[in-house]
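Enquirer: turn this into a model:
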Amino acid sequence: MPINHSDPSSKRPAPEVIEFYTQFAEESRLGAGSAKLEHERTRELLERLLPSPPGRIVDVGAGAGAYAFWLADLGYQIDLVDATPRLVEEARRRDVVASSKLASISEADARMLSHPDGSADAVLLMGRLYHLTAREDRLMALREALRVLRRGGTLVAAAISRYAGTLDGLAFHPTLDAGIVRMRHDAIVDGQYRNTTGDPRYFTTAYFHTPEDFAEELTETGYEEVRVFGVEGPGWLLPDFEARWRDDDSRSHVLTVARLLERESSVVGVSAHLVGAGSKPMRLKSE
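Expert: Numbers count the residues shown, from 1 in each chain. Next up is the predicted model:
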């Protein structure tokens, strides 16, 4: 059923997405396995792409604050927004003991934010776009972020690579179960990923971007200076990742390769995650 965009109650993620994050410990994911590489590289990119503190950042799809509390410690004012009640409550618990408090914590959808026009120096969409499976909904979330940004403000958004499921299956879950193989490979055709198993190990309803269509969506919604980065490079696929990450020299090499390949168009999609960045024009086309 299509979303009725005039109805605020329709601005909710798919029920299975909320259920997944209600059960899955997303708040601890970035501390395990190759997600450590995702975390380290995403921080690198945020430090490079965001305006210098102080400034106000609206962190949409922030979960329990994986990046929000770190950014607050750097001197930013952070408004945390997420659509999953459990993760919002976890963020509130963390805020109680945090060394740097968040400016606000709220439950909302990326397509309908309560923040005033032009009120943010930067907007993060680090965990929402890939759960909006309809293109019109992703464009709506990107336009809403554009509305909230001040002129010249920065958007940084995350996406899952079109090829992540298939590569993950090849490297870590080499099952030959026909249904699981089809589930992963079907996503390569149109980006639409559906977990038909009911097993949370295989993620949840999502859209997987190619680097090219990610850039197109940012450009179409009005952002300038659009760039798309591969986050992990091929390092997340290493079978001995944990051993290499524990060794300082090997870890440095994994990170160096990710940096070298982050904009190389022929291999950007090998990363499990993509980061897209753009800025709000100083002068809008309607003016």
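
Enquirer: CA only for contacts and neighbour counts going forward, please
Expert: Noted.

Enquirer: just the strands from the stretch 151-287 of the chain, written as ranges.
Expert: Under the criterion DSSP state E, counting those that start in this stretch, the stretch 151-287 of the chain contains strands at 192-193, 206-207, 224-230, 273-279.

Enquirer: for the record, mean pLDDT for the first one?
Expert: Pointing back at strand 192-193 there. For strand 192-193, mean pLDDT rounds to 96.

Enquirer: quick one: list the elements packing against that strand.
Expert: helix 178-190, strand 206-207 (3 or more C-alpha pairs under 8 Å, 6 or more residues apart in numbering; DSSP states H and E).

Enquirer: burial of the closest residue to Val268 other than its chain neighbours, as a residue count?
Expert: In this structure, Val268 finds its nearest non-sequential neighbour in Gly230, 4.7 Å apart by C-alpha to C-alpha, 6 or more residues apart in numbering. Residue neighbour count, defined by other C-alpha atoms under 10 Å, stands at 31 for Gly230.

Enquirer: likewise for the one 4 residues further on?
Expert: The burial metric for Pro234, expressed as a neighbour count using other C-alpha under 10 Å, is 19.

Enquirer: if we can go back for a sec, include distance to Glu264 when you put the strands of the stretch 151-287 of the chain into TSV, please.
Expert: Shown next, in TSV, are the strands of the stretch 151-287 of the chain (distance: least, C-alpha to C-alpha, whole Å):
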stretch	distance to Glu264
strand 192-193	25
strand 206-207	23
strand 224-230	8
strand 273-279	12
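
Enquirer: rounded mean pLDDT for stretch 97-116, please.
Expert: pLDDT averaged over stretch 97-116 gives 97.

Enquirer: could you pull out the helices for this protein?
Expert: Per DSSP state H, the chain carries helices over the ranges 15-23, 26-29, 35-49, 68-73, 85-97, 135-148, 164-171, 178-190, 211-220, 241-246, 248-261.

Enquirer: CSV for those, including distance to Thr204 and mean neighbour count?
Expert: Output for these, formatted as CSV (distance: least, C-alpha to C-alpha, whole Å; neighbours: other C-alpha atoms under 10 Å):
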stretch, distance to Thr204, mean neighbour count
helix 15-23, 6, 15
helix 26-29, 13, 14
helix 35-49, 17, 17
helix 68-73, 24, 21
helix 85-97, 16, 17
helix 135-148, 17, 20
helix 164-171, 11, 18
helix 178-190, 11, 16
helix 211-220, 20, 18
helix 241-246, 25, 15
helix 248-261, 27, 16
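
Enquirer: in the stretch 51-200 of the chain, what spans have low per-residue confidence?
Expert: 174 (pLDDT under 70).

Enquirer: go with 80
Expert: Counting by pLDDT under 80, the ranges of the stretch 51-200 of the chain that qualify are 173-176.

Enquirer: Tyr163 reaches Leu274, doesn't it?
Expert: No - Tyr163 is beyond contact range of Leu274, at 11.2 Å (criterion: C-alpha atoms under 8 Å).

Enquirer: who has more neighbours out of those two?
Expert: Of the pair Tyr163 and Leu274, Leu274 is the one with more neighbours under other C-alpha under 10 Å, namely 29 against 22.

Enquirer: please report how far the more buried one lies from Arg259.
Expert: 13 Å (C-alpha to C-alpha, to the nearest Å).

Enquirer: try His173
Expert: 27 Å.

Enquirer: same deal with Gln77?
Expert: Using C-alpha to C-alpha, Gln77 is found at 28 Å from Arg259.

Enquirer: again with Ala206
Expert: 26 Å.

Enquirer: just how off-centre is stretch 120-131 within its chain?
Expert: Here the centre of stretch 120-131 is set off from its chain's centre by 7 Å, with C-alpha atoms, centre = their mean, to the nearest Å.

Enquirer: what comes up buried for that stretch?
Expert: Going by neighbour count (16 or more other C-alpha atoms under 10 Å), the buried part of stretch 120-131 is 120-131.
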